[in-house]
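Engineer: Need a 3D model of the sequence below.
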Amino acid sequence: MDNMTPQTLLSLMEDAVARAITFPVWPQGEAPGAKVSPVQFQLETEHTGPSPFDRSVTGVRAPEITVYAPQHPNGVGILVTPGGSYRRVVLDKEGSALAPFFNARGYTLFVMTYRFPGDGHAEGADAPLADVQRAMRLIRAQAERWQLDGDKLGVMGFSAGGHAAASLGTRYNDSVYTPLDAIDEQSARPAFMALVYPVITMHADIDHPMSRQQLIGDTPDEAQIRRYSAEEQVNSQTPPTFLLHAVDDPAVKVENSVVMFSALRRLGVPVEMHLFEQGKHGFGIRDALGLPVAVWPELMMAWIETKV
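Structural biologist: Down below sits the predicted model:
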């Protein structure tokens, strides 16, 4: 990203969005568990800034995957779960903005929207996990269509989307929805996890209060805290993990990445962590420009290449 300007990035994002393909995660469009939810879908323009590519969505009922495909696929696909405090999904800041950099190296990105734990879906707090499990199975079933190796599909998550991604990596075998078809016979285990300023823990000393409230409410019991604290769900089969965080993050404390690193290392799971002094929260691509943390896509891709 040397010499990248916000204007150049915006132009690259515009090109990526124009070429993208979008399709539903669930066969009927709406997720099965959405029937009991009262929420209504809404597209928010200019949520993360003043450009046409600062979109976010709320009230997700019918999760979608937007595919950003490279000209020359390298066989590796990445399911991307952007952030939004489990109240929205930001489509561009942590979605389309990634495409120019990862596509240039041959990576195919699958940026998804997902339902939120506090929106009254039948799966409750497991609604986002149901969506990401189904998304990974769907991508794996369609790997040949995208010129991918089904064994080289990872997940990348940001902020609350980092919690969704970490949940997939630690709870890929959990039964959180009723299988619908042959796609659900596919494994939901990602080959690797890349977690960027992720929400990890529900423990009150270092949690992200908004995400915690959406997931487990105001008066959770110990079992709920453990179930939704990703560091407590790690085992020896958890995929190799890349962690990225800014030390000055005022929203999701850097300790979230640190406790995940410690849990993975303790069980011998391959893990790499990069902590940067500056970056605050939600830097993505655009807000990293001009800072040392701007190098993060290169660091992540170099690491992925050693794992698949």
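Engineer: can we go C-alpha only for contacts and neighbour counts from here?
Structural biologist: OK.
Engineer: residues near residue 174, how many?
Structural biologist: Counted with other C-alpha atoms under 10 Å, the neighbours of residue 174 add up to 14.
Engineer: Could you look up the SS state of the nearest residue to residue 184 once chain neighbours are set aside?
Structural biologist: Nearest non-adjacent residue to residue 184, counting by C-alpha to C-alpha, 6 or more residues apart in numbering: residue 137, 6.3 Å away. Secondary structure assignment for residue 137 (DSSP: H, G, I helix; E, B strand; the rest coil): helix.
Engineer: just checking, residue 137 touches residue 182?
Structural biologist: No: if you go by C-alpha atoms under 8 Å, residue 137 and residue 182 don't touch, sitting 9.7 Å apart.
Engineer: Contacts only, for residue 33.
Structural biologist: Residue 33 makes contacts with 121, 122, 123, 127, as judged by C-alpha atoms under 8 Å, 6 or more residues apart in numbering.
Engineer: before we move on, what SS does it have?
Structural biologist: helix.
Engineer: That one and residue 289, how far apart?
Structural biologist: Taking C-alpha to C-alpha, to the nearest Å as the measure, residue 33 falls 40 Å from residue 289.
Engineer: ditto for residue 17
Structural biologist: From residue 17 to residue 289 the distance is 21 Å (C-alpha to C-alpha).
Engineer: Just the terminal-to-terminal distance for stretch 189-203.
Structural biologist: Taking C-alpha to C-alpha as the criterion, the two ends of stretch 189-203 lie 25 Å apart.
Engineer: what does stretch 173-182 give?
Structural biologist: End-to-end distance (C-alpha to C-alpha), stretch 173-182: 16 Å.
Engineer: Contacts for that stretch, please.
Structural biologist: 123, 126, 127, 129, 130, 185, 188, 189.
Engineer: Just among the residues you listed, which is most surrounded?
Structural biologist: When neighbours are counted by other C-alpha under 10 Å, residue 129 leads the contacts of stretch 173-182 with 27 neighbours.
Engineer: Can you tell me the element it falls in?
Structural biologist: helix 127-141 (DSSP states H and E).
Engineer: list the helices and strands that helix packs on?
Structural biologist: In terms of contacts (3 or more C-alpha pairs under 8 Å, 6 or more residues apart in numbering; DSSP states H and E), helix 127-141 is packed against helix 160-171.
Engineer: can you pull out the strands in the protein?
Structural biologist: For the chain, strands defined by DSSP state E occupy the ranges 21-24, 42-44, 56-58, 64-68, 77-81, 89-90, 108-112, 153-158, 193-196, 241-246, 271-276.
Engineer: starting at the chain centroid, how far to the second one?
Structural biologist: In this view, strand 42-44 has its centroid 19 Å away from the chain centroid, taken as C-alpha atoms, centre = their mean, to the nearest Å.
Engineer: list the contacts for residue 59?
Structural biologist: Here residue 59 is in contact with 39, 40, 41, 42, 87, 88, 115, 116, 119 (C-alpha under 8 Å, 6+ apart).
Engineer: Among those, name the buried ones.
Structural biologist: Using 16 or more other C-alpha atoms under 10 Å as the burial test, the contacts of residue 59 include 87, 88, 115, 116, 119 as buried.
Engineer: distance of the residue lying closest to residue 117 once chain neighbours are set aside from residue 153?
Structural biologist: Among residues not flanking residue 117 along the chain, residue 125 sits closest, at 4.1 Å (C-alpha to C-alpha, 6+ apart). Per C-alpha to C-alpha, residue 125 is found 25 Å from residue 153.
Engineer: same deal with residue 104?
Structural biologist: The spacing between residue 104 and residue 153, counted by C-alpha to C-alpha, is 17 Å.
Engineer: Then residue 64?
Structural biologist: 18 Å.
Engineer: Tell me which of these two has more neighbours.
Structural biologist: Comparing residue 64 with residue 153 by other C-alpha under 10 Å, the one with more neighbours is residue 153, at 25 against 21.
Engineer: so who does the residue lying closest to residue 86 once chain neighbours are set aside touch?
Structural biologist: Leaving aside its chain neighbours, residue 86 sits nearest to residue 116 (5.4 Å; criterion: C-alpha to C-alpha, 6+ apart). Counting by C-alpha under 8 Å, 6+ apart, residue 116 touches 59, 60, 86, 87, 88, 125, 127, 128, 214.
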